[in-house]
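Trainee: this one's structure only:
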């Protein structure tokens, strides 16, 4: 843009602009004789809830070419989807995605201490002493960790289920905490992130978009002011993921 301004290709109300020229929403701005639409009103962020299955990565770029959670999401004009935290390749459950980097940062940063709740299936069973210790301190290679809460959910045979809550999202933290207690995690499902629960009707590999009222509630919870300009209206995005991918390939063709 600075090169275009220096070349005299930018005009404001018919006058050649210089670096630092100020504009408002009533000004007419031309770049190379094309009018630029000025949009000063900030749109509300869009927020998706996605039920991530195992076997997908939470990344826009993977050298190994694995399936990404972003592959089948709706396109965002002038932006992109940002994940609120991550789930590792073998973990399933609730993943929140938004078009607001600020919102994603607020909800992901450790200083905000947002609760994450998981259902965990392990091979074996914790003793009462181990459950108490898990809520006090478990020593990991990157520092101590602990659960805010752990609840025995029972099980059959060698498999046992626990429900755990913690306030940080270090890499593979839940798995490493159970491994430190000599138990192997066979399945890990995130069922809640802060005030958001995994909707029972949301099947694996499907997503749904929050409506305006739900977005406002999320922004208020995150301590962010809601922009006045509404975002896109809520759309039915609960089609099977394979259908979404197929339709995108058809459009590209």
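Mentor: Looks like it came in fine. Computed from a predicted structure; not experimentally measured.

Trainee: Show me which parts of stretch 175-189 are buried, residue by residue.
Mentor: By neighbour count on 16 or more other CB atoms under 10 Å, the buried set for stretch 175-189 is 175-178, 180, 183, 185, 188-189. Placement of C-beta: from N, CA and C, glycine included.

Trainee: Quick check: which ranges of the stretch 151-253 of the chain have low pLDDT?
Mentor: The model of the stretch 151-253 of the chain has pLDDT under 70 over residues 228-253.

Trainee: so where do the helices sit in it?
Mentor: Here the stretch 151-253 of the chain has its helices, by DSSP state H, counting those that start in this stretch, at 173-180, 212-221, 241-252.

Trainee: returning to what we had before: what's the most distant pair in the buried residues of stretch 175-189?
Mentor: Across the buried residues of stretch 175-189, no pair lies farther apart than 180 and 189, at 20.3 Å, counting by CB to CB.

Trainee: re the thing from before, and which of the buried residues of stretch 175-189 is nearest to residue 37?
Mentor: residue 189 (44.2 Å).

Trainee: Could you give the bridge partners of the closest one?
Mentor: residue 92, residue 119 (DSSP bridges).

Trainee: residue ranges of the strands in the stretch 1-150 of the chain, please?
Mentor: Assigned by DSSP state E, counting those that start in this stretch, the stretch 1-150 of the chain shows strands spanning 10-12, 15-16, 29-31, 34-35, 47-52, 82-83, 92-98, 116-123, 138-140, 143-145, 149-154.

Trainee: nearest to residue 197, of those strands?
Mentor: Per CB to CB, nearest to residue 197 of the strands of the stretch 1-150 of the chain: strand 92-98, 7.4 Å.

Trainee: hmm, who's touching that closest one?
Mentor: 45-54, 58, 69, 73, 81-85, 87, 104, 107, 118-119, 187-193, 196-198, 204, 207 (CB atoms under 8 Å, 6 or more residues apart in numbering).

Trainee: ok, of those, which come out buried?
Mentor: For the contacts of strand 92-98, buried by 16+ other CB under 10 Å: 45-53, 58, 69, 73, 81-85, 87, 104, 107, 118-119, 188-190, 192-193, 196, 198, 207.

Trainee: does residue 82 really touch residue 102, like I thought?
Mentor: No: contact criterion CB atoms under 8 Å: residue 82 and residue 102 do not qualify, at 9.6 Å.

Trainee: still on that earlier bit, need the strands of the stretch 1-150 of the chain in TSV with distance to residue 213, can you?
Mentor: What follows is the strands of the stretch 1-150 of the chain, written out as TSV (distance: least, CB to CB, whole Å):
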stretch	distance to residue 213
strand 10-12	39
strand 15-16	44
strand 29-31	35
strand 34-35	35
strand 47-52	12
strand 82-83	22
strand 92-98	16
strand 116-123	24
strand 138-140	40
strand 143-145	36
strand 149-154	29
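
Trainee: so who does the closest residue to residue 94 other than its chain neighbours touch?
Mentor: Once flanking residues are discounted, residue 94 sits nearest to residue 198: 4.1 Å by CB to CB, 6 or more residues apart in numbering. Residues near residue 198 by CB under 8 Å, 6+ apart: 49, 51, 93-94, 189-192.
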